[in-house]
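Colleague: structure, please.
(one chain, ligands or ions: 2)
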Amino acid sequence: MTAKDSCPIAAAHKRLMDCHAMWHAMADDYMTPESFRMHLNSLIQGMRNVTFMLQKQKASLPGFEKWYTEFQTAAKSDSLMRWSVNSRNKIVKESDLELLSEAKVRWVGDWIATGERNLTFPPRMPSKSILAAIFSDPGNPQMGVITISRRWVDKALPDREILGATREVFVNLSTLIATAHRAASSEECGLGDREPTCVTSALATAPLPCMDINPGWLQEHLDLDAGRGIEEVAYNFELSPVIAKKSRKRYGSAINVDGNPIEVAARIMEQACKALVRDKEHVPLIWFFRDDIVVDSIMPVFFDQNGKYLTMHRVADRVESLRANGVIFLSESWYATDEKLDKDGRLIPARDRGRDRREALHVLAATEGGEYASLLTPFSRTIFGKIVLDEQIIDMGADLETPGPFNILRPILDRWGKG
Ligand SMILES: [Zn+2]
Ligand SMILES: [Zn+2]
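Modeller: Ligands and ions are numbered 1, 2, ... in the order given. Model (predicted):
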């Protein structure tokens, strides 16, 4: 055995890497029912083969009986792992899984008024027909932005979307293979990388960022408020690694972004102030944390208010996909020193306040555990364009019942609440 391919459990480990590649192939063919079914069948069998290959090598793996029995016991009491084993037996011996095609429909009126429903539709039914069916029910609201997400579920596991379910089984198997490596006293593995390039020998014990279970291309967004009828809503964000590199350049060299998001927020503000003074403007940035480690970062682009609602719901999708439990959101925003009400007694947002609104840098941090921080640094520009920073305003509480600085994070907080 050469150092290059030195893996103590090469057969099982290669099958695990096969599963990673098969998962992407399945995700890529999500909208093609027959190809999707074919890739799912391969993946389910491939995942079972990982444990078969491992069992074949048990004589050469120290402590196998102990740690493998622990895995088996845990798997037997886990509905998802049981589903995976049962599905493999069904596919090999009887028939395909009974796949159901659903559309998850989400309404977004504003930060507070939102709704969500799962409806069953034939795969590839055009969105216009789905909309017509939705609005034939007078109970469904015709308001705001509507998002239609396609999803496949197995009849035997009706609450779980297939990409998410299989990804979780994959992570459990990856954890098992990591245990086997440790048992063989071989943390290092010499298996080479493959195609697609994210398929490496690294053993993840948490969801990989590349296995996106809420990919944007499975969603369509339609603006029901738009004057000319239904319009596609634009949203966009630049994904890592480009942005990760940029933010590391700006934030990584001077500060360490990893850490508790609430504590990191102050460091980010300090750095952002320096960048603002230097560059006269600042792009919005969002960092995703899992257990105090930054797992992803994006640069969101907001076109208008509906685009902003939508983007933040997409950010919540990303939080769910990454299983992130902390976020930091940095942006330039409008700020008003007092409160003004409109003729109906509603608070006028600072963005609509005209000449008495002020510019500010805003850093918001929140964790799934319920910690919040809002740091606001108002600033003004001299006639020569120089930035003059004001004193920082810090708010550590979140009154989520009233409109306020934390509203923009509400789609994320709601998603955590459901988890
Ligand atoms: Zn290996
Ligand atoms: Zn991948």
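Colleague: C-alpha only now, for contacts and for neighbours.
Modeller: Fine.
Colleague: ok, for Ile293, nearest residue in space, not its chain neighbours?
Modeller: Counting by Cα to Cα, 6 or more residues apart in numbering, Asp258 is the residue found nearest to Ile293 once chain neighbours are left out, at 4.9 Å.
Colleague: scratch that, Met22
Modeller: Nearest non-adjacent residue to Met22 (Cα to Cα, 6+ apart): Leu43, at 5.8 Å.
Colleague: using the three-state scheme, assign the closest residue to Ile412 other than its chain neighbours.
Modeller: Nearest residue to Ile412 in three dimensions, chain neighbours excluded: Ala316, at 4.6 Å (Cα to Cα, 6+ apart). Three-state call for Ala316 (DSSP: H, G, I helix; E, B strand; the rest coil): helix.
Colleague: ok, now which ones touch Ala316?
Modeller: Contact analysis of Ala316 by Cα atoms under 8 Å, 6 or more residues apart in numbering lists Pro411, Ile412, Arg415.
Colleague: likewise Pro215?
Modeller: Applying Cα under 8 Å, 6+ apart to Pro215 gives no contacts.
Colleague: with Asp279 instead?
Modeller: Asp279 neighbours (Cα under 8 Å, 6+ apart): none.
Colleague: check Arg353 too.
Modeller: Ala336.
Colleague: just confirm Glu220 is within a helix.
Modeller: No. Applying three-state DSSP, one finds Glu220 to be strand, outside a helix.
Colleague: now do it, the pLDDT please.
Modeller: pLDDT, Glu220: 79.
Colleague: hmm, it is touching Ser149, no?
Modeller: Yes. Applying Cα atoms under 8 Å, one finds Glu220 in contact with Ser149, separated by 6.6 Å.
Colleague: which one's more surrounded, those two?
Modeller: Ser149 (20 against 15; other Cα atoms under 10 Å).
Colleague: ok, the helix or strand encompassing that one: who's next to it in the sheet?
Modeller: Element membership for Ser149, per DSSP states H and E: strand 145-154. Applying DSSP bridges to the sheet, strand 145-154 is found paired with strand 99-108 (antiparallel), strand 157-161 (antiparallel), strand 219-223 (antiparallel).
Colleague: please state the offset of that strand from the chain centre?
Modeller: On the basis of Cα atoms, centre = their mean, to the nearest Å, strand 145-154 sits 15 Å off its chain's mean C-alpha point.
Colleague: what does that strand contact?
Modeller: Residues outside strand 145-154 that contact it (Cα under 8 Å, 6+ apart) are 97-109, 127, 159-162, 218-225, 233, 306, 310.
Colleague: helices along this structure, start to end?
Modeller: Ranges of helices in the chain, per DSSP state H, are 10-28, 33-56, 64-76, 79-93, 127-135, 162-183, 242-247, 261-279, 305-322, 410-418.
Colleague: what's the least confident stretch among these?
Modeller: In terms of mean pLDDT, the lowest-scoring of the helices of the chain is helix 242-247 (a mean of 51).
Colleague: residues from the protein in reach of ligand 2?
Modeller: When proximity is defined as Cα under 5 Å from the ion, the chain approaches ligand 2 at Cys198, Cys210.
Colleague: residues of the chain that sit close to ligand 1?
Modeller: Contact residues (Cα under 5 Å from the ion) of the chain with ligand 1: Cys7, Cys189.
Colleague: centroid residue for the chain?
Modeller: Residue closest to the average C-alpha location in the chain (Cα atoms, centre = their mean): Arg318, at 1.8 Å.
Colleague: now it: closest residue in space, sequence neighbours ignored.
Modeller: Asn214 (6.9 Å).
Colleague: and the one you found, how far is that from Leu409?
Modeller: According to Cα to Cα, to the nearest Å, Asn214 stands 18 Å off from Leu409.
Colleague: also Gln45?
Modeller: As judged by Cα to Cα, Gln45 and Leu409 stand 40 Å apart.
Colleague: and those two? Which one has more around it.
Modeller: Shown here are Gln45 and Leu409; by other Cα under 10 Å, Leu409 has more neighbours (22 against 19).
Colleague: counting neighbours, what do you get for the residue of the stretch 301-419 of the chain found nearest ligand 1?
Modeller: Nearest to ligand 1 in the stretch 301-419 of the chain, going by Cα to the ion, is Leu322, at a distance of 24.3 Å. Neighbour count for Leu322, taken as other Cα under 10 Å: 23.
Colleague: looking at it, it is touching Pro209, isn't it?
Modeller: Yes. Contact status for Leu322 versus Pro209: in contact at 6.0 Å, counting by Cα under 8 Å.
Colleague: overlap in contacts, these two.
Modeller: With Cα under 8 Å, 6+ apart, Leu322 and Pro209 have common neighbours Val295.
Colleague: just to revisit the earlier point, contacting residues for the residue of the stretch 301-419 of the chain closest to ligand 1?
Modeller: When contacts are counted by Cα under 8 Å, 6+ apart, Leu322 touches Pro207, Leu208, Pro209, Asp212, Arg290, Val295.
Colleague: identify those among these that sit within strands.
Modeller: Counted as lying in strands by DSSP state E, out of these, are Arg290, Val295.
Colleague: most surrounded residue in the contacts of Leu322?
Modeller: Busiest of these [other Cα under 10 Å] is Arg290, holding 22 neighbours.
Colleague: on the pLDDT front, check that residue for me.
Modeller: Arg290 is given a pLDDT of 94.
Colleague: that one touches Ile328, doesn't it?
Modeller: No. Using Cα under 8 Å, Arg290 makes no contact with Ile328, being 11.7 Å away.
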